[in-house]
Every structure is written in structure tokens, then in C-alpha cells.
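**Q** Following is a predicted model, sequence given first.
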Amino acid sequence: MNAPPQPGAPLPTGGAPAPRRHNWRPLLIALRFAVSGGLLAFLVWQANPANILATWRAANVGLLALAALLQVACICISAFKWGVLLRANRHPQPYPWLLGIYFVGQFANNFLPTSIGGDATRVLALGRRTGSYAQASASVFIERLTGFLALSLIALGTLLVTSTDLFGLRVVTQPALTWTAAGFAVAALAAAGLSFAAPWLLRRYDRLLPRAARRPLQRVAQALGEYATDGGTIAKVMGLSLLFHSTWITMHLVCGLALDVQAPPVIFALMVPLTDIVGLAPIFFNNLGARDLVFTLYLRQVGVPDATALALAFTAFSIRLAVSSIGGLVLLFGGADLRAAPTAASDTPAPEAASPRQS
């Protein structure tokens with residue numbers, strides 16, 4: 001006979017204990033803070049904080065206000081582009097609601113330690129409103145993807161211009177930055193091709209997927225495939241993406257004018273897209289450090305002191321944060337109801353999320 005278990009001894013489970021799963025997320029977040037903060041602190045120390053403050057004191061407040069309005073215009077363009085995609089897949093939404101949710105998404109992106117929090121928020125809100133999380137996911141994905149494609153076009157175009165004497169300005173770009181931009185463009189094009197071919201790929205390889213995942217993925221693939229056959233919508237959305245990035249670059253240019261940065265506009269058209277591409281690396285938090293490094297590398301070549309370049313990077317970042325905080329006000333005053341009941345039968349279970357008033 002087996003001896004009875006001693007008091008306080010663990011009860012037998014009939015098998016080996018389950019291995020402990022390590023949560024690496026806090027460590028990764030800490031690493032991102034360390035990389036961004038360390039690089040930023042080094043650049044500031046090299047440039048002398050007193051010189052940065054002197055540049056800020058001489059800033060033109062009127063031009064800074066104009067830059068803030070241009071940042072608002074960027075979000076308005078993005079919300080309108082999202083609406084174009086939703087009309088194409090027969091889920092049109094009122095523009096004020098789309099704009100409010102987009103501001104909430106920007107708030108999540110800039111004040112949470114993740115770059116996808118805003119997208120998840122938009123998918124959640126739209127899916128609950130329309131009852132189709134597949135269509136919501138597809139619209140947000142295509143909206144982001146076309147933005148990445150436009151960003152790649154601008155980055156590669158300005159790299160080509162500034163690597164020649166075509167416009168009388170030749171700047172040196174580190175090979176790592178060139179290859180990063182080229183790789184990002186290839187990845188964006190590949191993602192677009194795979195997205196538009198998603199229905200065919202899923203029909204061919206669905207047997208390799210877990211049975212529980214097939215149905216929701218089929219709906220998302222079908223939604224993505226609908227955009228592939230609507231060339232007019234894709235062309236319009238790409239045009240809006242180019243308009244967004246042009247406005248985004250112009251906002252930085254106006255910040256430069258406010259700080260009396262003596263640099264040609266093509267420098268801004270080069271360093272702003274490259275900053276956005278480099279900032280996508282998971283080692284940076286909210287583009288901090290990456291933006292400042294790229295700005296100093298390029299503005300230094302046209303005679304702009306590092307302190308002025310860093311003041312410009314901080315100013316643009318501060319305006320972005322200030323404008324995105326509008327999303328917090330939208331949540332606070334109930335302008336975006338993330339708990340809205342679906343208007344149609346939901347195709348997937350709603351993900352659990354804390355209500356805005358509880359978070």
C-alpha cells in the first residue's frame with residue numbers, strides 16, 4: 001500500500017509539472033526604454049543641453065501653432081482615408097466618429113509602450129459597431145499598408161535625388177540606412193502582394209491551419225481580396241497616403257522654420273521618412289533616439305548644429321504628443337463609445353477590453 005501524503009506535501013497530479021512560461025514582455029519594454037533613452041541621453045550630452053534650450057527660447061510661436069494644425073490635418077487625412085476603405089467594403093461610417101476613433105488610436109500609440117495599440121483599438125471599436133471584426137481588421141491593415149507603401153516611395157525617391165547632383169544637393173547616407181529603406185520597401189510590396197492573394201493562398205493551404213483558425217482567417221482573407229479587385233479605391237487611398245506623408249514632412253519643415261533651421265526642403269523629405277522607417281525597429285520606444293540620430297546625421301551635413309537638430313526633433317515629437325492627447329479627451333468625454341453594440345451578427349467573438357472609463 002502507498003503511504004498517505006504527509007501534511008503540507010504537494011498533491012500528486014498524475015504527471016510531470018507543467019513547465020513555467022516566462023513573460024518576456026516587461027523585459028523587452030525595459031530594453032526599448034534603455035536603448036531609446038540611452039541613445040537620446042548621449043546625443044543630448046554631446047550637443048550641450050544649454051544650446052538646445054537657447055534654440056527653443058528663440059522659437060517662433062506662430063509657426064509652432066501652424067505645425068500643430070498640420071499635425072491635426074495629418075490625422076484628418078488618415079481618418080478620411082480609412083473612411084474611403086470602409087465605403088469600398090460596404091461598411092461606411094460617419095466621418096466624425098472615424099476621426100474620434102483615430103484620435104483615440106493616436107493616443108494609444110503615443111502613450112502606450114506599443115506601436116499596435118492604436119490599431120487594435122480601432123479594430124475593436126469598428127468591429128463592435130459593424131459586427132464584422134474581419135472587415136474591421138482588413139480595413140485597418142490596408143490603411144496601414146498603403147501608408148507604408150507611400151512612405152517607401154518617398155524614402156527611395158529622395159534617396160535617389162540626394163545621392164546624385166540632380167538638384168544641386170548631394171548628401172551622404174549611411175549604407176545601413178539605404179539598405180534599411182530598401183528592405184522596408186521590399187517588405188511592404190511583399191505584404192501587399194500576399195494580402196491581395198490571401199483568398200487564393202488560404203484556399204490552397206487552409207488544410208495546414210488549425211481548424212479553429214480557418215473560419216476567421218477565411219473572412220479576413222475574403223475582405224482583403226475584395227480590395228485587390230477595386231483598383232480605383234486602392235489608387236485613391238495611395239493618393240491620400242502620399243498626401244498624408246507630404247503633410248507630415250511639411251509639419252517638420254514648419255517646425256524647422258520656427259527654430260530658424262537653415263536646411264533645404266529636400267533634407268526634410270529625406271530624413272523624416274527614414275526616421276519613420278528606422279523607428280519601426282522594435283528596439284526603439286515611440287521612435288525616440290532614432291529620430292534624433294537621423295536628424296543630427298543629415299542636418300550636420302548642411303551646417304546645422306547638433307543642438308539645433310535635436311531641438312527640432314524634440315519639437316516635432318512634442319507637437320505629435322500634444323495633438324494625440326486629444327484622443328484622451330475624446331475618451332474622457334465619451335466621444336468614442338468603444339462598447340457600442342454591433343449592428344449585425346458578429347463574425348468573431350469580441351475581444352475583451354476594459355471600458356474607457358475603467359482603464
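**A** Everything's here; your move. Numbering: from 1, shown residues only.
**Q** Stretch 130-150: how far from the chain's middle?
**A** The chain centroid and the centroid of stretch 130-150 are separated by 13 Å, computed with CA atoms, centre = their mean, to the nearest Å.
**Q** pLDDT of that stretch, averaged?
**A** Stretch 130-150 carries an average pLDDT of 89.
**Q** swap in stretch 232-239?
**A** Stretch 232-239 comes out with an average pLDDT of 92.
**Q** what sits up against that stretch?
**A** Contacts with stretch 232-239, where a contact means CB atoms under 8 Å, 6 or more residues apart in numbering, come from 81, 84-85, 88, 142-143, 146, 149-150, 227. C-beta: built from backbone N, CA, C; applies to glycine.
**Q** Repeat that for stretch 251-260.
**A** When contacts are defined by CB under 8 Å, 6+ apart, stretch 251-260 is touched by residues 55-56, 58-64, 66-67, 70-71, 74, 263, 265, 268, 272, 308, 311-312, 315-316, 319.
**Q** which of those count as buried?
**A** By neighbour count, with 16 or more other CB atoms under 10 Å, the contacts of stretch 251-260 hold 55, 59, 63-64, 66-67, 70-71, 74, 263, 268, 272, 308, 311-312, 315-316, 319 as buried.
**Q** List the ones among those that fall in helices.
**A** Secondary structure assignment by DSSP state H places 55, 63-64, 66-67, 70-71, 74, 268, 272, 308, 311-312, 315-316, 319 of the buried ones among the contacts of stretch 251-260 in helices.
**Q** Tell me the one among those residues nearest to Tyr298.
**A** Taking CB to CB as the measure, Phe268 is the one of these closest to Tyr298, at 9.0 Å.
**Q** Nearest residue to the closest one in space, please, no chain neighbours.
**A** Spatially, and ignoring its direct neighbours in sequence, Phe268 is nearest to Leu253 (4.8 Å; CB to CB, 6 or more residues apart in numbering).
**Q** which element is the one you found on?
**A** Secondary structure assigned from DSSP states H and E places Leu253 in helix 231-258.
**Q** list the buried ones in that helix?
**A** Burial within helix 231-258, assessed by neighbour count using 16+ other CB under 10 Å, is assigned to 233-234, 236-238, 240-245, 247-258.
**Q** ditto for stretch 301-308
**A** Applying a neighbour-count criterion of 16+ other CB under 10 Å, the buried positions in stretch 301-308 are 301, 304-308.
**Q** Pipe the residues you listed into TSV and attach distance to Pro92 per row.
**A** Compiled in TSV, those are given as follows (distance: CB to CB, whole Å):
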residue	distance to Pro92
Gln301	47
Val304	46
Pro305	50
Asp306	49
Ala307	49
Thr308	46
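**Q** In the residues you listed, find the pair that's most separated.
**A** Using CB to CB, the buried residues of stretch 301-308 span at most 15.7 Å, a distance reached by Gln301 and Ala307.
**Q** Spell out the secondary structure type for Gly92.
**A** Not Gly; residue 92 is Pro. Reduced to three states with DSSP: H, G, I helix; E, B strand; the rest coil, the structure at Pro92 is coil.
**Q** Run a quick neighbour tally on Gly37.
**A** When neighbours are counted by other CB atoms under 10 Å, Gly37 registers 13.
**Q** wait, what's in contact with it?
**A** 285, 288-289.
**Q** same question for whatever helix or strand it lives in, mean pLDDT?
**A** Using DSSP H and E, Gly37 sits within helix 25-47. For helix 25-47, mean pLDDT rounds to 73.
**Q** distance between it and the chain's centre?
**A** With CA atoms, centre = their mean as the basis, the distance from the averaged C-alpha position of helix 25-47 to the chain average is 19 Å.
**Q** same check, this time on stretch 100-107
**A** Going by CA atoms, centre = their mean, the spacing between the C-alpha centre of stretch 100-107 and its chain's C-alpha centre is 12 Å.
**Q** Now do it: everything it contacts.
**A** Taking CB under 8 Å, 6+ apart as the rule, stretch 100-107 contacts 75, 78-79, 82, 117-119, 121-122, 125-126, 323-328, 330-331, 335-336, 338.
**Q** Of the residues you listed, which belong to helices?
**A** Among those, the members falling in helices (DSSP H) are 75, 78-79, 82, 117-119, 121-122, 125-126, 323-324, 326-328, 330-331.
**Q** so what pLDDT did Ser318 get?
**A** pLDDT, Ser318: 92.
**Q** go on, the one 5 residues further on?
**A** Looking at Val323, its pLDDT reads 94.
**Q** And Ile116, by the same measure?
**A** You'll see Ile116 listed with a pLDDT of 56.
**Q** Show me which helix runs longest in this structure.
**A** In the chain, taking DSSP H as the definition, the longest helix is helix 133-162.
**Q** who does it touch, helix- and strand-wise?
**A** Contacting helix 133-162 under the criterion 3 or more CB pairs under 8 Å, 6 or more residues apart in numbering; DSSP states H and E are the following elements: helix 61-88, helix 117-130, helix 175-196, helix 211-228, helix 231-258, helix 265-278.
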